[in-house]
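Chemist: here is a sequence together with a model predicted from it:
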Amino acid sequence: NAGVTQTPKFQVLKTGQSMTLQCAQDMNHEYMSWYRQDPGMGLRLIHYSVGAGITDQGEVPNGYNVSRSTTEDFPLRLLSAAPSQTSVYFCASRLKWTGSYREKLFFGSGTQLSVL
Amino acid sequence: TQLLEQSPQFLSIQEGENLTVYCNSSSVFSSLQWYRQEPGEGPVLLVTVVTGGEVKKLKRLTFQFGDARKDSSLHITAAQPGDTGLYLCAGGSNYKLTFGKGTLLTVNP
């Protein structure tokens, strides 16, 4: 059971380039999300999805696009990378988003992105 | 946006010492979670506290949820080098889980 798989592990981009960070989970989780982690800022929610075909914005959505065509995959797209998007990106999933928020959030191992 | 303040930001102690880290908010949460993150990895859930005043123990780790459900603490007894890591608290509402900035703990042998 692989859990949450993120690719690539490391990426260097030039300003203005585009790329897609991949995230896949094999646990049949309905809820998936993307966070970025910056020194001194903690984990901040970028976008999330509560099921295939349903996405919504988090705290810091500008500059990022997402789509959810299948339950398993939730890619994060940077259309025109900027140095401010240099960060470590984490994908996370959970079975459902229940009213009591008790369920465990499973994280991938992260993608370290540098934009020059 | 609900904010979670964690303190201290950094903590360096010797093996065998006890420590407490704190997670505070001005908002009421239906539950709070604690995660530990090691370098190069994603956070891993340690515990979820739900009821005001609740105390949960996980081996040498003791988690407490405040009576008003606005704050939580994590106490580690006889810390070991394996406890080294970033400890994050998180609370959720409206489909969004908000994280504190974390306490970076270093336990020196």
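Modeler: Structure received.
Chemist: which strand residues bridge the residue nearest to residue B:96 when sequence neighbours are not counted?
Modeler: Spatial nearest neighbour of residue B:96, chain neighbours left out: residue A:45 (5.6 Å); criterion: Cβ to Cβ, 6 or more residues apart in numbering or on different chains. For every residue, glycine as well, the C-beta is placed using N, CA and C. Listed by DSSP bridges, the beta-bridge partners for residue A:45 are residue A:35.
Chemist: surely residue A:45 meets residue A:66?
Modeler: No - counting by Cβ atoms under 8 Å, residue A:45 stays clear of residue A:66, with 11.7 Å between them.
Chemist: which neighbours do the two have in common?
Modeler: residue A:34 (Cβ atoms under 8 Å, 6 or more residues apart in numbering or on different chains).
Chemist: what sits against residue A:25?
Modeler: With the criterion set at Cβ under 8 Å, 6+ apart, residue A:25 makes contact with A:3-5, A:32, A:72, A:74, A:91, A:93, A:106.
Chemist: from those residues, keep the buried residues only.
Modeler: By neighbour count, with 16 or more other Cβ atoms under 10 Å in any protein chain shown, the contacts of residue A:25 hold A:4, A:32, A:72, A:74, A:91, A:93, A:106 as buried.
Chemist: so who does the third one touch?
Modeler: Okay, so that is residue A:72. Applying Cβ under 8 Å, 6+ apart, the residues near residue A:72 are A:24-26.
Chemist: of all those, which comes closest to residue B:47?
Modeler: Residue B:47 lies nearest to residue A:25 out of these, by Cβ to Cβ, at 22.4 Å.
Chemist: okay, that closest one and chain B: tell me how far apart.
Modeler: 12 Å (Cβ to the nearest Cβ, to the nearest Å).
Chemist: which outside residues touch the single longest strand found in chain B?
Modeler: If you go by DSSP state E, chain B has its longest strand at strand B:85-93. Applying Cβ under 8 Å, 6+ apart, the contact partners of strand B:85-93 are A:42-43, A:101, A:105, B:2, B:4, B:6, B:21, B:23, B:25, B:27, B:29-38, B:43, B:72, B:74, B:97-100, B:102-105.
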